[in-house]
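Asker: Got a sequence here, can you model it:
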Amino acid sequence: MSLTSSDKVYHREIILKKRNEVLAGLSKELNEGVHKVPELKSSLGSDIGDMSTLNTSSDLSAAIAARYADMLREIDQALSKLEEGTYGLCEECGEEIDGRRLEALPFTPYCLQCQKKIEEDRKKRRQS
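Answerer: Residues are numbered from 1 along each chain as shown. Reported below is the predicted structural model:
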């Protein structure tokens with residue numbers, strides 16, 4: 001994808017805005033998780049069901065934080081690609097990613113067709 005200087009500035013701004021949103025979400029989740037566990041411990045009893053609730057809450061917070069961290073990695077990769085001149089090219093097939101897809105998900109590494117195939121393959125692996 002051949003981007004002009006103004007295109008690069010535009011896409012960089014969009015990606016950086018998304019990065020700031022993800023950082024804010026991660027920070028919020030980490031802060032809430034740190035404060036949530038002691039609150040839950042004090043409000044719950046010590047039976048197995050109560051401990052299960054605490055573990056589930058902690059696991060959920062960890063999963064959410066991990067997803068935010070994954071998104072940050074994807075965003076940082078998109079920023080690197082922008083600098084390298086490969087932004088907007090599908091990592092799977094090498095074709096240009098549709099501009100509307102980049103608008104909706106500016107850090108996507110795949111075109112829609114390849115993303116669908118990846119998700120179908122993932123679904124098949126889970127089912128087997």
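
Asker: give me the element the residue nearest the centre of the chain is part of.
Answerer: With distances taken as CA atoms, centre = their mean, the residue of the chain nearest its centroid is residue 71 (2.4 Å). Per DSSP states H and E: residue 71 is located in helix 48-84.

Asker: Show me what that helix packs onto, helices and strands only.
Answerer: helix 5-43 (3 or more CB pairs under 8 Å, 6 or more residues apart in numbering; DSSP states H and E). For glycine as for every other residue, the C-beta is placed from the backbone atoms N, C-alpha and C.

Asker: residues contacting residue 10?
Answerer: Neighbour list for residue 10: empty [criterion: CB atoms under 8 Å, 6 or more residues apart in numbering].

Asker: Can you get me a residue count around residue 29?
Answerer: 20 (other CB atoms under 10 Å).

Asker: The one 3 residues further on now?
Answerer: As a burial measure, residue 32 scores 14 neighbours (other CB under 10 Å).

Asker: ok, the nearest residue to it once chain neighbours are set aside to residue 102 distance?
Answerer: Leaving aside its sequence neighbours, residue 32 sits nearest to residue 61 (CB to CB, 6 or more residues apart in numbering; 7.2 Å). Residue 61 sits 31 Å away from residue 102, going by CB to CB, to the nearest Å.

Asker: what about the two, which has more around it?
Answerer: More crowded of residue 61 and residue 102, by other CB under 10 Å: residue 102, with 20 against 17.

Asker: That one in helix, strand or coil?
Answerer: helix (DSSP: H, G, I helix; E, B strand; the rest coil).

Asker: For it, which non-adjacent residue is closest in space?
Answerer: Residue 102 sits nearest to residue 88 (CB to CB, 6+ apart), 6.0 Å away.
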